[in-house]
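> Kindly return the folded structure for what I paste below:
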Amino acid sequence: MELDSRINLLENGNLSPQDAEKQFNEILVPLLNKDGYNIALAPFRGDVGVDFIAEKQLFNNQEQVGIEYKHYKSAVGVDVVRRLLGTTFTHNFDRLILVTKSRFTKSALELANSVLPVKLELIDLDALRAWVQRAEKTEDYNFELVNIIRSNISERLAMLIAKNPRYLMDIEWRELEYVIQTVFEELGFSAELTPGSKDGGKDLVLTCRVSGQDHTYYIELKHWRSQQKVGGQAARDFLKVIINEEVNGGLFLSSYGYCENAFEMLTEIDRKHLKFGDQKKIVTLCTQYVKSKSGLWSPTSGLSEVLFEQTI
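Below is the predicted model of the structure:
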């Protein structure tokens with residue numbers, strides 16, 4: 001049965017709540033699978049507070065989405081939304097979705113549009129149909145084309161930075177993250193960019209082989225157009241991520257440098273785990289990238305040395 005037909009059945013059919021939930025499951029699974037999620041019925045629903053849980057692996061983190069379906073004839077009110085939000089106190093959902101065959105009250109919509117500790121989406125049948133249409137439109141969509149174009153842009157930006165560091169002033173922070181990812185991949189690392197939000201305290205995850213073993217390094221990048229310098233709290237927070245996740249080390253890059261107190265609380269042992277680079281380090285990396293693309297550069301030492309040379 002087509003997804004639109006299942007939605008019509010939810011809207012017009014005299015389904016029991018149990019049958020309606022089965023139909024909703026048949027609609028939801030292919031939509032979320034297309035976005036890379038695995039979905040299952042929530043265990044012990046009375047305790048969890050949702051009907052379904054969808055999960056997707058994002059680098060070292062697993063995103064969890066709580067989904068609730070309400071088979072109401074009347075409008076879903078603000079109390080239902082509040083109860084769903086309450087599930088975040090007992091279950092660490094990154095996102096919540098509330099779906100109904102009817103509609104939502106004005107107060108429910110206003111609450112959903114306010115500042116909340118978790119992303120919340122209210123979906124009625126019209127919004128569900130729009131979701132299906134978007135999914136159908138992307139069936140012949142070349143997702144890789146966007147990555148190719150972005151890679152080409154990052155390559156050009158790296159070349160510009162190597163030529164003149166002042167180009168950093170006109171580059172947004174997320175653009176620079178893509179540039180640094182492109183640079184490290186060219187230099188021999190495997191580089192993964194973390195999501196723009198909820199990144200787990202690091203912007204890039206680098207892996208490489210050192211003495212026959214896999215090593216993992218985290219990169220945190222601060223590139224504020226205000227030219228603000230990085231202080232000690234940001235450095236300590238990043239160090240905590242490195243230690244807690246037991247990776248081999250980290251590199252903090254700040255395009256506009258560091259405050260005088262940035263290193264005050266770091267011990268000698270801490271400094272072995274965490275190194276700091278400024279604009280000069282970023283430019284050096286971009287210069288090595290240009291030379292590598294031209295066949296004029298190859299590392300004279302291990303990749304870990306390439307990562308940490310010219311750092312503080």
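
> any low-confidence regions in the stretch 151-300 of the chain?
Applying pLDDT under 70 to the stretch 151-300 of the chain flags the ranges 196-199, 299-300.

> which residues in it form strands?
Ranges of strands within the stretch 151-300 of the chain are 190-193, 204-210, 213-222, 249-254, 274-277, based on DSSP state E, counting those that start in this stretch.

> Pipe the ones you listed into a markdown table and attach distance to residue 84 and mean neighbour count per row.
Backbone N, C-alpha and C define where each C-beta goes, glycine included. Shown next, in a markdown table, are the strands of the stretch 151-300 of the chain (distance: least, C-beta to C-beta, whole Å; neighbours: other C-beta atoms under 10 Å):
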| stretch | distance to residue 84 | mean neighbour count |
| --- | --- | --- |
| strand 190-193 | 31 | 16 |
| strand 204-210 | 32 | 20 |
| strand 213-222 | 34 | 19 |
| strand 249-254 | 37 | 24 |
| strand 274-277 | 40 | 22 |
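
> Can you give the domain ranges for the protein?
In the domain annotation for the chain, the residue ranges read 1-139, 141-306 (the TED database).

> Export the ones you listed as JSON lines, with columns for distance to residue 312.
Below are the domains of the chain laid out as JSON lines (distance: least, C-beta to C-beta, whole Å):
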{"stretch": "domain 1-139", "distance to residue 312": "26"}
{"stretch": "domain 141-306", "distance to residue 312": "4"}
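
> Would you quantify the distance from residue 307 to residue 207?
To residue 207, residue 307 is 11 Å away according to C-beta to C-beta, to the nearest Å.

> which residues do these two both contact?
Common neighbours of residue 307 and residue 207, counting by C-beta atoms under 8 Å, 6 or more residues apart in numbering, are 189, 217.

> how about the helices of the stretch 201-312 of the chain, start to end?
Applying DSSP state H, counting those that start in this stretch to the stretch 201-312 of the chain gives helices spanning 232-244, 268-273, 279-293, 303-308.

> can you list those helices in TSV and add mean neighbour count and distance to residue 147?
Formatted as TSV, the helices of the stretch 201-312 of the chain follow (neighbours: other C-beta atoms under 10 Å; distance: least, C-beta to C-beta, whole Å):
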stretch	mean neighbour count	distance to residue 147
helix 232-244	17	26
helix 268-273	11	32
helix 279-293	19	18
helix 303-308	18	23
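
> Surely residue 263 is in contact with residue 276?
Yes: here residue 263 reaches residue 276: they are 7.5 Å apart, a contact under C-beta atoms under 8 Å.

> Now list whatever residues contact both of the two.
By C-beta under 8 Å, 6+ apart, the residues touching both residue 263 and residue 276 are 235, 312.

> Can you list the buried residues in the helix or strand hosting residue 10?
Assigned by DSSP states H and E, residue 10 belongs to helix 3-12. Neighbour counts over helix 3-12 (16 or more other C-beta atoms under 10 Å) mark 3, 6, 7, 9, 10 as buried.

> Residues contacting it, please?
Residues contacting helix 3-12 (C-beta under 8 Å, 6+ apart): 15, 20, 23-24, 26-27, 30-31, 101, 125, 128-129, 132.

> could you redo the last one with a cut-off of 7 Å?
Counting contacts by C-beta atoms under 7 Å, 6 or more residues apart in numbering, the residues outside helix 3-12 that touch it are 15, 20, 23, 24, 26, 27, 30, 101, 125, 128, 129, 132.

> Could you do stretch 279-287 as well?
158, 161, 162, 165, 168, 183, 253, 255, 256, 310, 311.

> how about a cut-off of 10 Å?
Outside stretch 279-287, the residues that touch it by C-beta atoms under 10 Å, 6 or more residues apart in numbering are 157-165, 167-168, 176, 179-180, 182-184, 186-187, 221, 223, 251-257, 275, 277, 297, 306-312.
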